[in-house]
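In: structure for the following, please:
(4 chains)
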There are 2 protein chains.
Amino acid sequence: MKENNQVSVPVIKRLPRYHRYLEELKKMGVVRISSKELSVRMGLTASQIRQDFNCFGGFGQQGYGYNIEQLYNEIGNILGINNKSKAILIGAGNLGHAIATHLNFQNKGFELISIFDNNPEVVGTTVGGLVVLNSNDLEEFCKKEKPDIAILCIPAEYAAENADKLVSLGIKGFWNFTQYDLVHRYENIAVENVHLGDSLMTLCYQINEIDKGVEG
Amino acid sequence: MKENNQVSVPVIKRLPRYHRYLEELKKMGVVRISSKELSVRMGLTASQIRQDFNCFGGFGQQGYGYNIEQLYNEIGNILGINNKSKAILIGAGNLGHAIATHLNFQNKGFELISIFDNNPEVVGTTVGGLVVLNSNDLEEFCKKEKPDIAILCIPAEYAAENADKLVSLGIKGFWNFTQYDLVHRYENIAVENVHLGDSLMTLCYQINEIDKGVEG
DNA sequence: TATACTTTGTCAATGCTTTAACAAAACAAT
DNA sequence: ATTGTTTTGTTAAAGCATTGACAAAGTATA
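Out: Below is the predicted model of the structure:
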């Protein structure tokens, strides 16, 4: 058991992927799996898998492997997806709309409780079963409902002011889809930046490298 | 100059972020910057910045720093955003729709040339200035237009078959928004997975860790 | 019950990334 | 011109993450 020590970021980032693979195996009716077999399926080393699981105290059994259902539940617990945190979405444009309707928040530890926008044409419409509220009512809403995280789907130039305001209203974390970098702005506020533009540029680099290799 | 050697993934992943910060500085009219000052702005170490730029051959000048415009252009060239690769989008649902309309492909090295869907109700509608084509015409289209990358915005269960087909039609890379993992499937095919669900779960973990720290 | 096999948990070794340190080079000011 | 300051490019050290190796502990089989 090393649960008290800080677990490294690379390990944490791999947990959702383990969770996905285990869910699939569970659905297929598979009961147990060895680190060896899982490593082949996932394209990792067996050693890394054992090392990863051991950060939280080893759920396996020698000569047997890991019980899939148990391991799946353990990882779910580590990630904390069973305590549903309250999420609000800021910005009901194209991207915000897609995020609200496309994702299953429930099985990822969240409940989307409200959507805000400052465009009068959008306020009052229904998105993903929720009526879009006016951004002016954000403060009052937060004081009453105490949401845990905010999903930022607004233009980059409004990101900083909105984030600052939300932090002052007690928000504990951001899922940030704006180009603006929130990472180094606050202490003790969780931030997940989803920089789609950066990701696309990285793909661009890869494509060009492959082209170089083929042609040169 | 180390350009021949393979540059490591962490370095490449930081390039788009440098590019963003430099663009902003350029817009502000700043002409030069030292690694020290940039490090403060970006929350990195100056050493890392110099090390990163040196992978491609040092664009700075001792006692002066880096010329912002030049550095910005160099990084753009390294990423290859000036040769516009052709991109097609598969799946014009909520997410596909948002991707097509929300992102500026042009300044990230791509041109979105077509959108495909297999839903007859969606085929023929216009999304982001492009008429949605029928997935049945994909093969013919690819043979004629030779797109470079495909953006996958389809349900996970169709990801593998679609990707296999696209690879056989000459696609060189994927921007994969499905839950399905494409990483270990092909040789010499570029893949950028955008696992939004994984990202959300990671945020969930962070929130719960902060809560533990506050309460325990 | 004994024997052979499997597979974990863990320690040590390797490999990779980041940070620190500093000489060499350019700039700035007198 | 000279002197002091700035700041890079680069080498060396420190810090992490991944992989390899193996004893210990379980399973499976006869």
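
In: element containing the residue lying closest to A:I12 once chain neighbours are set aside?
Out: Leaving aside its sequence neighbours, A:I12 sits nearest to B:Y205 (CB to CB, 6 or more residues apart in numbering or on different chains; 5.7 Å). (C-beta placed from N, C-alpha, C; glycine too.) Assessed by DSSP states H and E, B:Y205 sits inside helix B:196-215.

In: and DNA strand D, is that helix touching that?
Out: No - applying CB under 7 Å from any atom of the strand, one finds helix B:196-215 out of contact with DNA strand D, separated by at least 14.1 Å.

In: ok so, going back, the residue nearest to A:I12 touches A:G76, doesn't it?
Out: No - under the criterion of CB atoms under 8 Å, B:Y205 is not in contact with A:G76, lying 10.8 Å apart.

In: list residues touching both of those two?
Out: Residues touching both B:Y205 and A:G76 (CB atoms under 8 Å, 6 or more residues apart in numbering or on different chains): there are none.

In: from A:F141, how far off is the nearest residue to A:K143 once chain neighbours are set aside?
Out: In this structure, A:K143 finds its nearest non-sequential neighbour in A:L169, 7.1 Å apart by CB to CB, 6+ apart. Distance of A:L169 to A:F141, given as CB to CB, to the nearest Å: 9 Å.

In: of these two, which one has the most company?
Out: A direct count of neighbours by other CB atoms under 10 Å in any protein chain shown for A:L169 and A:F141 places A:F141 higher, at 19 against 16.

In: which element is the more buried one on?
Out: Going by DSSP H and E, A:F141 is in helix A:138-145.

In: beyond that helix, next helix or strand please.
Out: Per DSSP H and E, the helix or strand that comes after helix A:138-145 is strand A:149-152.

In: can you list the weak-confidence ranges in chain A?
Out: In the prediction, chain A carries residues with pLDDT under 70 at positions A:1-5, A:216.

In: show me where it has strands.
Out: Per DSSP state E, chain A has strands spanning A:32-33, A:66-67, A:85-90, A:110-117, A:126-127, A:130-134, A:149-152, A:173-176, A:190-193. These are given in chain order.

In: identify the residue spatially nearest to A:Y186, adjacent ones excluded.
Out: In space, A:Y186 is closest to A:V167, 6.0 Å off (CB to CB, 6+ apart).

In: domain boundaries for chain A, per the record?
Out: A:9-79, A:85-198 (automatic domain parsing).

In: so how far is the first residue of the longest one from its last?
Out: What that stands for is domain A:85-198. 28 Å (CA to CA, to the nearest Å).

In: what about it, near DNA strand C?
Out: No - using CB under 7 Å from any atom of the strand, domain A:85-198 stays clear of DNA strand C, coming no nearer than 12.4 Å.

In: quick one: that domain to chain centroid distance?
Out: From the chain centre to the centre of domain A:85-198 is a distance of 13 Å (CA atoms, centre = their mean, to the nearest Å).

In: mind listing residues that contact the helix holding B:Y205?
Out: Against helix B:196-215 from outside (CB under 8 Å, 6+ apart): A:12-13, A:15-17, A:19-20, A:78-81, A:83, A:85, A:99, A:102-105, A:108-110, A:148-149, A:172-173, A:175, A:188-192, A:194, B:177, B:179.

In: tell me how far that helix lies from the chain's centre.
Out: With CA atoms, centre = their mean, you get 25 Å for helix B:196-215.

In: list the buried ones in it?
Out: B:196-208, B:210-211 (16 or more other CB atoms under 10 Å in any protein chain shown).

In: fine by me, thanks again.
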